[in-house]
Each structure stands twice: as C-alpha cells, then as structure tokens.
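1. Below are the sequence and a predicted model for it; my questions follow.
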Amino acid sequence: MKKIVISFVAVALGMLLSSLLTNEKDSTENGYDELVTVSTSEDTSSEILVINEIGKHFTIPIASIPQLATYLETAPDAKAELARIHYEFLSGDSDHFVLKYGCGNKRCHLLLVEVIDSGAVTTVELGEGIYASAEVFQRQAMFLLAENEGNEVVRHKIMLVDLHTLKNIYPKDQLLTELYFVDARYPITKLEWLSETSIRLEVADIDEASYEAVASWYKEEDAAVMVVEIAL
C-alpha cells in the first residue's frame with residue numbers, strides 16, 4: 001500500500017462534507033439528482049412513480065418495489081415521503097438508477113433499480129447512508145456511500161454490483177471486505193476501476209478508526225492517504 005500526502009485536503013474534504021450534509025435538498029438544477037413525479041391516488045400502494053431520462057420514460061408501480069412499499073406503509077405521512085423521493089441515473093446508463101427515499105439530514109434508504117423495456121423492475125438494496133458517487137466499468141458499478149457523524153466526520157464504504165446479474169461483488173481478501181465494504185469506517189477520497197477484476201481506493205492513512213482519529217485527520221492541512229488496490 002503506497003502512502004501519499006494531499007495538501008489542503010482539509011479544505012477540499014470540508015467542501016465535500018458540506019455538500020453531503022445538504023444532500024436532502026432538491027438538486028434538480030444539476031441535471032442528475034431528480035425528484036420523482038408521483039401520480040395521485042388515495043391508496044399509496046397503487047401510486048405510480050414517473051421516472052424520466054433522456055430518450056426514456058418509466059412508469060413504475062410502487063407495489064413493484066417492495067422495499068419502498070413497505071416503508072410507505074409504516075410512514076406517518078406517506079404522501080409527504082413520496083414527495084421527497086429522489087432518483088439519479090448511473091452515468092451513461094439509462095436502465096439503472098439509484099432511488100433515494102426516507103431521507104433525513106444524515107442518511108437515506110438507497111436502492112439500485114433496474115427497469116427494462118418490458119416494464120419488469122428489479123432492485124438491489126444499497127443500504128442506508130448518503131449516496132456520494134458511482135463509477136461504472138463494463139457493466140459493473142462501484143458505489144461510494146457515506147455516513148455523516150456529528151457533522152464533523154464523514155466515513156465511507158464501497159458497494160460493487162454486477163449490472164448483468166444484479167449480484168453484489170466482493171473482494172477476494174476477507175480483511176479488505178471488512179475494512180471497506182461492510183461498514184463505513186474510513187474516509188475514502190478517491191475510487192477507480194483498474195480492470196474488471198480490480199479497483200483502487202485512496203483512503204485516509206490513520207492507524208485506527210475512532211471518531212477522534214478521523215476528526216483529527218480531517219483537520220490536518222497535509223492529511224495523508226494510502227493507496228489500496230483490491231482484487232475482486
């Protein structure tokens with residue numbers, strides 16, 4: 001694992017933290033994160049989500065997304081929750097988008113949704129957190145998910161999904177899986193595909209992942225990161 005030092009990383013990551021903390025706001029002006037349009041109905045379970053992408057128009061019954069339907073059934077104000085649902089298509093992919101619902105100040109429920117021309121809907125749970133970014137390489141998607149802790153610390157984890165099978169992909173190394181894929185432990189400043197079977201991450205170079213250690217790293221002017229290459 002190589003170590004490198006990033007100057008002014010505290011400023012850059014402070015800007016990232018600010019961006020993540022305002023994730024709940026409607027950001028349709030950027031052309032990527034959009035509010036869904038919802039048909040009107042007295043029965044929430046029969047509502048239709050209307051999803052638009054260049055060249056495509058999807059109408060998706062909420063009943064075809066069981067996780068969302070179950071959430072709305074127990075929500076105190078289902079209509080208000082429907083009005084706050086966002087979606088974001090993967091870059092260069094008009095068949096897959098991330099659905100964000102139940103969003104608070106620090107996290108959303110996240111689903112990867114696939115809609116094919118026949119109207120069939122398939123979902124993959126990405127868990128709860130803040131959707132930071134995604135990188136797609138040859139029909140494989142790598143998601144960077146963030147967790148905000150105390151408005152001072154943002155930790156990240158990675159999720160990989162094969163877009164052909166909609167199955168999760170995991171590293172060969174169990175320790176790396178635990179460190180970067182199971183829970184959000186460390187700040188991750190960069191991620192990239194090296195090939196179909198390997199990725200590279202830049203991760204905060206700290207000895208342990210306590211709140212104090214991560215917060216101290218964010219405050220450093222020359223915060224060191226290490227390069228981690230992971231075989232899949």
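-> The structure has been received and is ready for your questions. Numbering: from 1, shown residues only.

2. Who does the residue nearest the centre of the chain form a beta bridge with?
-> The chain has Y131 as the residue nearest its centroid, 2.7 Å off, counting by Cα atoms, centre = their mean. Taking DSSP bridges as the rule, Y131 bridges to L145.

3. Quick check, it in contact with C103.
-> No. Counting by Cβ atoms under 8 Å, Y131 sits too far from C103 to count as a contact (9.8 Å). Where you see a C-beta, it was placed from the backbone N, CA and C, and this is true even at glycine.

4. ok, now which ones touch the residue nearest to the centre of the chain?
-> When contacts are counted by Cβ atoms under 8 Å, 6 or more residues apart in numbering, Y131 touches N23, E88, V98, K100, C108, L110, F143, L145, A146.

5. Redo those as a markdown table? Include distance to E152, pLDDT and secondary structure.
-> A markdown table is the format used below for those (distance: Cβ to Cβ, whole Å; pLDDT from 0 to 100; DSSP: H, G, I helix; E, B strand; the rest coil):
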| residue | distance to E152 | pLDDT | secondary structure |
| --- | --- | --- | --- |
| N23 | 16 | 42 | coil |
| E88 | 26 | 93 | strand |
| V98 | 26 | 96 | strand |
| K100 | 23 | 96 | strand |
| C108 | 20 | 96 | strand |
| L110 | 23 | 97 | strand |
| F143 | 24 | 98 | strand |
| L145 | 19 | 98 | strand |
| A146 | 13 | 97 | strand |
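
6. what about C103, which SS state?
-> Following DSSP: H, G, I helix; E, B strand; the rest coil, we place C103 in the coil state.

7. what does the one 10 residues further on give?
-> What three-state DSSP gives for V113 is strand.

8. Break down this structure into its helices, ranges please.
-> For the chain, the helices defined by DSSP state H cover 9-21, 66-74, 78-83, 174-177, 211-219.
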